[in-house]
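Student: show me the folded form of this:
(one chain, ligands or ions: 1)
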Amino acid sequence: MTAFYLTTPIYYVNALPHLGHAYTTIVADSLVRFQRLMGKDSLFITGTDEHGDKIVQAAEKAGSSPQKLADDVSAAFRSLWPRLDVAPAGFVRTTDESHKAVVRAFLQKVHDAGDIYFGEYSGHYCYGCERFYTEKELENGLCPQHLTKPELISERNYFFRMSRYQDWLKQHILEKPDFIRPERYRTEVLALLDSGVLDDLCISRPKSRLTWGIELPFDPQYVCYVWFDALLAYISALGGPESPDFRRYWPQSEHLVAKDILKPHAVFWPTMLKAADLPLFRHLNVHGYWLVRDTKMSKSLGNVIAPLAMADTFGNDVFRYFLLREMHFGNDASFSEEALTARLNADLANDLGNLFSRVLSMTAKFCRSAVPEPGPDEDLERALKKVAEESVSNFKNLFSRLRFSAALESLWELVRALNKYVDAAAPWNLAKNNDGERLGTVLHTLLRYMYIVAVHLWPVMPRKAEVMLEQLGLPVGPEGPSSGILDREDLFAVPLMPGSAVASFSNLFPRRDSEAEASMPGWSVTEEAGGGKNNSGAACPSADRVDAGDPAPGGAIEFSDFQKLELRVGTVTACEAHPNADKLLRVMVDLGESSVRQIIAGIAEFFVPENIVGKQVVVVANLAPRKLRGLESRGMILAVRKDEGLELLSVTAPVVPGSRVS
Ligand code: MSP
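Tutor: Just a heads-up that it's a prediction; the model follows:
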């Protein structure tokens with residue numbers, strides 16, 4: 001099995017994890033999951049970068065010691081990842097003894113080879129960047145990153161003969177067009193190499209100035225420069241250059257970084273490897289920056305986005321999907337809750353969630369939630385197959401080249417084509433005309449392609465994809481779909497068995513309103529569109545489309561507009577407890593429309609959910625949608641107090657769902 005090894009930067013412990021760190025690490029996790037589905041033996045590592053001035057200064061500021069700060073912040077990073085469903089195979093701390101041993105051996109090797117020398121250096125040192133700047137690099141005498149005046153320092157130090165490898169590096173980048181990608185960063189590095197002679201790199205700090213680092217094996221008066229230490233984490237994570245894992249994974253290694261640390265990765269790191277006679281990594285993948293409303297994230301601006309807060313509000317999978325879909329890898333992207341909400345409502349609730357909801361609801365209604373037997377394909381299926389093949393082939397191609405946004409867009413071509421196919425094939429008409437064979441073909445086709453969509457989405461939205469697969473009666477464990485599944489010739493031979501059970505109800509992605517949620521109204525108010533599971537397998541007449549997005553026909557009304565009320569009789573097709581409120585039930589009502597309504601009703605203390613299924617109720621159908629404890633409600637079920645209990649308003653004989661009360 002081919003190997004695939006990916007690294008994220010190892011993050012400084014001077015700040016708690018934020019959106020930027022979460023992005024890179026989520027990308028790494030998704031890519032590794034994807035490569036696993038492509039049949040590769042894949043893993044990624046992350047970790048924390050704990051030495052250097054920056055950490056000493058941060059510890060002083062926090063009234064702590066460097067070790068304590070490193071322990072605390074490293075633990076914060078480490079514990080964040082599982083909460084974001086991110087599963088690194090290793091977590092390196094640069095204060096680990098095993099890492100220090102790799103650094104010392106590496107330094108010794110390069111020193112022995114004659115590429116480290118002792119010399120005098122004076123230059124402009126920026127403590128924030130932990131590096132010297134040349135005159136030329138300063139902007140108006142200030143550090144271009146921190147806009148602070150660097151200190152003029154003159155001291156004797158050890159230097160790595162980096163300049164020696166300038167021509168070799170340039171040649172390598174020219175020969176391997178995707179060594180640094182996307183192209184714009186390759187161009188940037190080539191321009192840098194062309195702009196003048198590459199300086200040698202100062203790789204030591206005298207202990208008189210800094211003790212928080214790895215001591216040089218050939219001079220105990222010095223510690224190692226933090227970058228020369230940190231980059232080696234990519235190798236120490238595998239157990240060092242002599243380990244079997246290094247031999248297995250290193251030839252297939254790739255790095256993932258943002259543009260801020262392009263130079264150390266594109267210039268220092270390959271030349272270091274060359275000097276130590278070690279093979280180079282295959283790709284350096286560079287992404288842009290997340291901005292918050294077009295501004296850089298910064299503590300002082302108070303706009304640092306805490307990833308867990310966003311994941312808690314929207315759910316991990318929605319957050320992960322948004323990050324990969326919204327940023328065009330390589331360019332900057334702008335983060336806002338509005339953008340997240342828009343993606344959730346449009347791509348996930350309307351397109352994907354709606355597809356699952358309407359197809360499973362129709363399968364419940366027409367086939368008692370059993371996978372139907374398919375008949376022969378017709379033109380519609382043949383056209384759909386073409387779209388599907390193209391969509392997944394583009395998805396794979398783009399995803400493996402880190403073009404995540406375009407890959408997802410390509411998969412959505414299939415999702416949208418499936419929704420169109422529902423409209424064109426109109427299963428409700430086939431059911432009405434008793435065309436069982438054709439109905440079977442259409443629903444079977446839809447369920448098959450929904451499986452294909454779910455499997456492709458697993459790398460990005462592992463938990464939601466697992467729910468989708470479970471709803472389709474094809475559950476997978478936490479390891480996800482089987483390794484290599486996306487690379488199989490028979491990818492489209494979906495193991496859907498006619499007669500096997502699928503869920504009768506799906507509400508994968510409840511819509512979110514940006515406005516504040518409505519407070520809990522009285523018991524007689526109810527509402528919403530979306531979900532719960534109806535395992536009764538009961539028929540749900542006309543439940544052919546759940547579209548939580550459309551407002552109720554006729555628009556919103558106020559109480560004073562009572563006479564304008566649109567009262568209709570509907571059939572309850574499913575009902576379950578609200579996940580976040582004891583007093584609420586989530587009721588699905590068939591009003592004879594193209595969609596089943598989700599209504600959140602404050603009646604939980606009076607009814608057992610299953611007992612309502614099948615009942616006909618009276619609904620205020622033109623009430624404006626409202627949010628009740630996180631779920632949108634699209635209507636109100638009417639009820640009347642009786643003694644200590646509640647009676648639902650109904651009709652004395654069954655009527656066609658949607659009949660107007662007049
Ligand atoms: N410790 C070094 C890396 C050493 S790697 C051998 C470092 N650490 S860092 O904590 O500053 O992390 C920088 C990385 O965090 C970026 O390269 C990127 O992966 C991520 N991000 C930090 N802020 C970011 C954004 N605003 N947007 C996107 N990613 C960003 O540099």
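
Student: and the nearest residue to Ala237 once chain neighbours are set aside, how far from Glu151?
Tutor: Distance criterion Cβ to Cβ, 6 or more residues apart in numbering; nearest residue to Ala237, sequence neighbours excluded, is Ile45 at 4.1 Å. In short, each C-beta sits where N, CA and C put it, glycine included. Ile45 sits 35 Å away from Glu151, taking Cβ to Cβ, to the nearest Å as the criterion.

Student: more neighbours: which of these two?
Tutor: Ile45 (22 against 10; other Cβ atoms under 10 Å).

Student: which strands and helices sit next to the helix or strand harbouring Ala364?
Tutor: Using DSSP states H and E, Ala364 sits within helix 354-367. Here helix 354-367 touches helix 404-425, helix 427-432, helix 436-457, helix 462-471, strand 567-577, going by 3 or more Cβ pairs under 8 Å, 6 or more residues apart in numbering; DSSP states H and E.

Student: ok, then the element right after it?
Tutor: Defined by DSSP H and E, the subsequent element after helix 354-367 is helix 379-400.

Student: okay, buried residues for that next one please.
Tutor: If you call a residue buried by 16 or more other Cβ atoms under 10 Å, then helix 379-400 has these buried ones: 380-381, 384, 387-388, 391-392, 394-396, 398-400.

Student: what does it rub up against?
Tutor: With Cβ atoms under 8 Å, 6 or more residues apart in numbering as the test, helix 379-400 has contacts from 31, 34-35, 38, 377, 404, 406-408, 410-411, 413-414, 417-418, 421, 424-425, 441, 445, 449, 452, 456, 459, 486, 491-492.

Student: go back to these and keep what's next to the ligand.
Tutor: By Cβ under 6 Å from any ligand atom, no member of these lies near the ligand.

Student: how about the contacts made by the residue of the chain found nearest the ligand?
Tutor: Closest to the ligand within the chain is Gly20: 2.2 Å, counting by Cβ to the nearest ligand atom. Contacts for Gly20 (Cβ under 8 Å, 6+ apart) come out as Ala258, Tyr289, Trp290, Met297.

Student: near the ligand, which residues of the stretch 301-450 of the chain?
Tutor: So far as Cβ under 6 Å from any ligand atom goes, the stretch 301-450 of the chain does not lie against the ligand anywhere.

Student: where in the stretch 501-650 of the chain is pLDDT low?
Tutor: For the stretch 501-650 of the chain, the stretches with pLDDT under 70 are 514-563.

Student: what about the helices in it?
Tutor: 609-612 (DSSP state H, counting those that start in this stretch).

Student: quick one: pLDDT of Tyr133?
Tutor: We have a pLDDT of 87 for Tyr133.

Student: quickly list what the closest residue to it other than its chain neighbours is bridged to.
Tutor: Residue nearest to Tyr133 in three dimensions, not counting chain neighbours: His124, with 4.6 Å by Cβ to Cβ, 6+ apart. Beta bridges link His124 to Tyr133, Leu152, judged by DSSP bridges.

Student: burial of His124, as a residue count?
Tutor: Neighbours of His124 (other Cβ under 10 Å): 19.

Student: for Lys615, same thing?
Tutor: 16.

Student: ok, now Leu324?
Tutor: 23.

Student: what's the angle from the strand or helix carrying it to helix 404-425?
Tutor: Following DSSP H and E, one finds Leu324 within helix 316-326. With axes from the mean of the first three to the mean of the last three Cα atoms, to 10 degrees applied, the angle from helix 316-326 to helix 404-425 works out at 110 degrees.

Student: CA atoms only for helix 316-326, dumped as CSV, please.
Tutor: The C-alpha trace of helix 316-326 is given here as CSV (Å, rounded to 0.1, in the frame of the first residue of the first chain):
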residue,chain,number,x,y,z
ASN,A,316,-18.2,20.3,13.9
ASP,A,317,-19.1,19.0,10.5
VAL,A,318,-20.7,22.2,9.4
PHE,A,319,-17.7,24.1,10.6
ARG,A,320,-15.3,21.8,8.8
TYR,A,321,-17.4,21.9,5.6
PHE,A,322,-17.4,25.7,5.7
LEU,A,323,-13.7,26.0,6.2
LEU,A,324,-12.9,23.8,3.2
ARG,A,325,-15.6,25.1,1.0
GLU,A,326,-15.1,28.8,1.7
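
Student: where does pLDDT dip in this protein?
Tutor: For the chain, the ranges with pLDDT under 70 are 514-563.

Student: can you list the residues of it near the ligand?
Tutor: Near the ligand, when you scan the chain using Cβ under 6 Å from any ligand atom, you find 9-12, 20-21, 23-24, 49, 230-231, 233, 257-258, 260-261, 289-290, 297.

Student: please repeat the previous calculation with a cut-off of 5 Å.
Tutor: Where the chain comes near the ligand, counting by Cβ under 5 Å from any ligand atom, the residues are 9-12, 20-21, 24, 49, 230-231, 257-258, 261, 289-290.

Student: how near is the closest residue to Ala306 other than its chain neighbours to Ser298?
Tutor: Nearest non-adjacent residue to Ala306, counting by Cβ to Cβ, 6+ apart: His18, 6.5 Å away. Using Cβ to Cβ, His18 is found at 10 Å from Ser298.

Student: find residues that contact each of the two.
Tutor: Val304.

Student: residues touching the closest residue to Arg416 other than its chain neighbours, list them.
Tutor: Nearest non-adjacent residue to Arg416, counting by Cβ to Cβ, 6+ apart: Asp351, 6.1 Å away. Contacts for Asp351 (Cβ under 8 Å, 6+ apart) come out as Trp412, Val415, Arg416, Asn419.

Student: let's verify Asp351: helix, strand, or coil?
Tutor: Here Asp351 takes the helix state, with states given by DSSP: H, G, I helix; E, B strand; the rest coil.

Student: still on that earlier bit, the residues of the chain next to the ligand in strands, which ones?
Tutor: Pro9, Ile10, Tyr11, Tyr12, Asp49, Val257, Ala258, Trp290 (DSSP state E).

Student: quick revisit: out of the contacts of helix 379-400, which are buried?
Tutor: 31, 34-35, 38, 404, 406-408, 410-411, 413-414, 417-418, 421, 425, 441, 445, 449, 452, 456, 459, 486, 491.

Student: in the stretch 1-150 of the chain, which spans are helices?
Tutor: 19-37, 53-61, 66-83, 97-112.

Student: now swap in the stretch 201-350 of the chain and tell me
Tutor: 226-230, 233-236, 244-249, 262-263, 269-275, 307-314, 316-326, 337-343.

Student: tell me what the longest one is packed against?
Tutor: In other words, helix 316-326. helix 19-37, helix 307-314, helix 337-343, helix 404-425, helix 462-471.

Student: contacting residues around the second one?
Tutor: Which is helix 307-314. Counting by Cβ under 8 Å, 6+ apart, 17-19, 21-22, 80, 83-84, 319, 322, 337, 340, 344, 512 sit against helix 307-314.

Student: could you give the angle of it to helix 66-83?
Tutor: Using the same axes, to 10 degrees: helix 307-314 against helix 66-83 is 20 degrees.

Student: give me the buried positions along helix 307-314.
Tutor: Neighbour-count burial for helix 307-314 [16+ other Cβ under 10 Å]: Pro307, Met310, Ala311, Phe314.

Student: tally of neighbours for Gly128?
Tutor: 14.

Student: can you tell me the closest non-neighbouring residue to it?
Tutor: His146 (4.2 Å).

Student: does the one you found touch Tyr133 like I think?
Tutor: No. Look at His146 against Tyr133 with Cβ atoms under 8 Å: they stay out of range, at 10.5 Å.

Student: of those two, who's got more company?
Tutor: Shown here are His146 and Tyr133; by other Cβ under 10 Å, Tyr133 has more neighbours (19 against 12).

Student: so where do the strands sit in the stretch 451-600 of the chain?
Tutor: Ranges of strands in the stretch 451-600 of the chain, per DSSP state E, counting those that start in this stretch, are 567-577, 585-590, 596-601.
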